[in-house]
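Chemist: any chance you can model this:
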Amino acid sequence: MEVPEGLDEEAREEYKYLLEVLEDYRRYVKDIGRLGLAAPNLLYYRDEVQESLDELRIRGVDPREVWVEVVALDNAVRARASEIVAEIGHANFKQYQIINSPPPSHWWWFLNRVVPGPAGPERPTWQFWKR
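Modeler: The predicted structure is shown next:
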């Protein structure tokens with residue numbers, strides 16, 4: 001993908017930035033399951049993609065070509081939500097939600113709500129009445 005012709009300097013710079021963060025987002029989506037401690041970066045890169053798309057929309061730029069790829073990547077994220085939640089940690093999502101206070105429209109921060117939580121610890125046998 002390339003920056004469209006006819007954009008003013010600020011819009012062109014924003015579009016370039018969008019393409020850069022989209023590349024990072026693409027790489028992180030491709031590596032789901034192997035991200036390890038870097039897994040939360042996937043959420044931050046998706047935020048950056050959204051902020052750039054919103055900024056371009058405000059400037060009257062139609063990033064349709066980029067949006068098509070974002071939708072495809074988002075669908076891959078949704079399909080592999082359980083892997084992402086496992087990598088980041090179910091409880092860690094709650095901490096990230098508190099720290100970042102994302103709007104509900106940023107669904108990627110709430111993947112833990114669509115993936116069942118971890119099973120609780122087994123109770124000792126002597127607590128049979130609590131089962």
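
Chemist: so for the chain, the centremost residue is which one?
Modeler: Centrality entry for the chain: nearest residue to the mean C-alpha point is L43, 3.3 Å, by CA atoms, centre = their mean.

Chemist: packing partners of the helix or strand that that one is a member of?
Modeler: Using DSSP states H and E, L43 sits in helix 40-58. For helix 40-58, the packing partners by 3 or more CB pairs under 8 Å, 6 or more residues apart in numbering; DSSP states H and E come out as helix 9-30, helix 64-79, helix 81-88, helix 90-100. All C-beta spots, glycine's among them, are computed from the backbone N, C-alpha and C.

Chemist: picking that back up, is it true that the residue nearest to the centre of the chain touches F110?
Modeler: No: contact criterion CB atoms under 8 Å: L43 and F110 do not qualify, at 10.1 Å.

Chemist: circling back: which of the helices and strands packed on helix 40-58 sits most buried?
Modeler: Each of these was scored by mean neighbour count; the highest is helix 81-88, a mean of 18, by mean count of other CB atoms under 10 Å.

Chemist: could you dump the helices and strands packed on helix 40-58 to CSV with mean pLDDT and distance to G117?
Modeler: Output for those, formatted as CSV (pLDDT from 0 to 100; distance: least, CB to CB, whole Å):
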stretch, mean pLDDT, distance to G117
helix 9-30, 96, 23
helix 64-79, 96, 18
helix 81-88, 95, 9
helix 90-100, 92, 5
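
Chemist: nearest to R57, out of those?
Modeler: Closest of these to R57 is helix 64-79, at 9.7 Å (criterion: CB to CB).

Chemist: what sits up against the closest one?
Modeler: 1, 18-19, 22, 25-26, 29, 32, 42, 46, 49, 53, 84, 108, 111 (CB atoms under 8 Å, 6 or more residues apart in numbering).

Chemist: just how off-centre is it within its chain?
Modeler: Centroid separation for helix 64-79 versus its chain: 11 Å, with CA atoms, centre = their mean, to the nearest Å.

Chemist: CA atoms of it as PDB?
Modeler: Taking Å, rounded to 0.1, in the frame of the first residue of the first chain, the C-alpha atoms of helix 64-79 are listed here in PDB:
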ATOM      1  CA  ARG A  64     -10.700   2.400   2.400                       C
ATOM      2  CA  GLU A  65      -7.800   0.300   1.100                       C
ATOM      3  CA  VAL A  66      -6.300   0.200   4.600                       C
ATOM      4  CA  TRP A  67      -9.700  -0.300   6.300                       C
ATOM      5  CA  VAL A  68     -10.200  -3.500   4.300                       C
ATOM      6  CA  GLU A  69      -7.000  -5.000   5.700                       C
ATOM      7  CA  VAL A  70      -7.800  -3.800   9.200                       C
ATOM      8  CA  VAL A  71     -11.100  -5.700   9.100                       C
ATOM      9  CA  ALA A  72      -9.400  -8.800   7.900                       C
ATOM     10  CA  LEU A  73      -6.800  -8.600  10.700                       C
ATOM     11  CA  ASP A  74      -9.500  -7.800  13.200                       C
ATOM     12  CA  ASN A  75     -11.400 -10.900  12.100                       C
ATOM     13  CA  ALA A  76      -8.200 -13.000  12.700                       C
ATOM     14  CA  VAL A  77      -7.900 -11.400  16.200                       C
ATOM     15  CA  ARG A  78     -11.500 -12.300  17.000                       C
ATOM     16  CA  ALA A  79     -11.000 -15.900  15.700                       C
END
